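Peer 1: have a look at this prediction, sequence included:
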Amino acid sequence: MTEVKSRREMYSEATRAALLDEATALFAGRGYAGTSLEDVASASQVTRGAVYHHFASKQALFEAVLQRQEARAMEAVTAAAAAAPDPWDAANLALDAYLRQCCDPTYGRLVWLEGPAFDTLVQFTFWMLGGAGLAVAEAPPPDKARVRDEWGHLIGQAIAALRIK
């Protein structure tokens, strides 16, 4: 049975979605430091109190924006990998889909340029992918495809060395 939502619930969900949409655009355009909650409220045509109703802080809003970006990226990566019958081909298609995500100016800036710093050591693979994401995000638009392909080749070579034959 389908759950029926009240008008209040639908309005709340629409407000949250609008806040995330506007915050994404503002953070991508102005950066984290250059965006205030007042800016997000104004762009969303809601009060600052409405922002705080949905998000405890600017950092919480930014983290929700990042989660949304990562969820979309993971959908693209998963879909690409699912299209391949062979695990090796799936990994390569997933890598290409990930690097294509990094070409997107919004994803690149939010995830790799504005994203929070990590305070713990992370695995080699994350840093390898992180380096690729950062390189693609920082590349000028005419160079993004070339940088993506170069990193894709390098990462492919690195993981090929680990492949059991």
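Peer 2: In hand now; what should we look at?
Peer 1: starting at the chain centroid, how far to stretch 97-110?
Peer 2: Distance of stretch 97-110 from its chain centroid, counting by Cα atoms, centre = their mean, to the nearest Å, is 7 Å.
Peer 1: how much space separates the residue most central in space within the chain from residue 135?
Peer 2: By Cα atoms, centre = their mean, the chain has its centre lying nearest to residue 69, at 3.0 Å. Between residue 69 and residue 135 the distance is 18 Å, computed by Cβ to Cβ, to the nearest Å. Glycine gets a C-beta too; all of them are placed from N, C-alpha and C.
Peer 1: which SSE is the nearest residue to residue 28 once chain neighbours are set aside in?
Peer 2: Leaving aside its sequence neighbours, residue 28 sits nearest to residue 106 (Cβ to Cβ, 6 or more residues apart in numbering; 4.4 Å). Per DSSP states H and E, residue 106 falls inside helix 105-107.
Peer 1: show me which residues of that helix are buried.
Peer 2: 106-107 (16 or more other Cβ atoms under 10 Å).
Peer 1: need the residues that contact it.
Peer 2: 24-25, 28, 69, 72-73, 101, 137, 141 (Cβ atoms under 8 Å, 6 or more residues apart in numbering).
Peer 1: that concludes my questions; thank you for your assistance.
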